[in-house]
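>>> predicted model follows, preceded by the sequence.
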Amino acid sequence: MIDIKYHLWPIRTKVIAIALITSIAVLCLASIAFVLSELVAKRVSMVESATALARVLGVDATATLVFRDPTTAEEVLYALSEEKTVVYAGIFDAQGSTFASYLVARPETKGWILSVTAHLPYRFTCMVMVIVFDRFWST
């Protein structure tokens, strides 16, 4: 083990070492705060974007539920194929059973189990956001 004799260092070297250590600590803390801030901002942005998309699809899919047309409902959901961040979407009837669904057939989505909770409008699971809408919004 290296034996460093700090008490033999000149005052100037000690002051520089303390300033350097303090600067490194502050830089590390600021970097951590910046990364956490960016993660929170990314999640907020993701929620806002997905909420807007879900509202538009909800308006488009209303007629398919009224007229009980699952084929048209699947066509409405197929519009999500242009949105690369959407892995699964579903339209559910009043009883909660699946009326129409859209699932991306990509290798990385194989084996995913998507569970729906009625308590939260959205939640994050392993950096995947699941959004659940159980009512219609009036604008």
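Sure thing, it's come through.
>>> by contact count, what packs against the longest helix along the chain?
What stands out as the longest helix in the chain, according to DSSP state H, is helix 11-66. The contact analysis (3 or more Cβ pairs under 8 Å, 6 or more residues apart in numbering; DSSP states H and E) places helix 11-66 against helix 70-78, strand 88-92, strand 98-103, strand 122-125, strand 128-131. To be clear about C-beta, it is placed using only N, CA and C from the backbone, and glycine gets the same treatment.
>>> among those, which is nearest residue 55?
Nearest to residue 55, of all the helices and strands packed on helix 11-66, is strand 128-131, at 10.5 Å by Cβ to Cβ.
>>> what pLDDT, on average, does that closest one get?
In this model, strand 128-131 carries a mean pLDDT of 53.
>>> all numbers from here: first residue = 33
Done: numbering now begins at 33, and the last item shifts to strand 160-163.
>>> about what we covered before: tell me how far the longest helix of the chain lies from the chain's centre.
The chain centroid and the centroid of helix 43-98 are separated by 11 Å under Cα atoms, centre = their mean, to the nearest Å.
>>> so where's this protein shaky on pLDDT?
33, 137-171 (pLDDT under 70).
>>> from residue 97, how far out is residue 56?
Per Cβ to Cβ, to the nearest Å, residue 56 is found 59 Å from residue 97.
>>> do the same with residue 58
56 Å.
>>> in terms of neighbours, single out the busier of the two.
residue 97 (17 against 10; other Cβ atoms under 10 Å).
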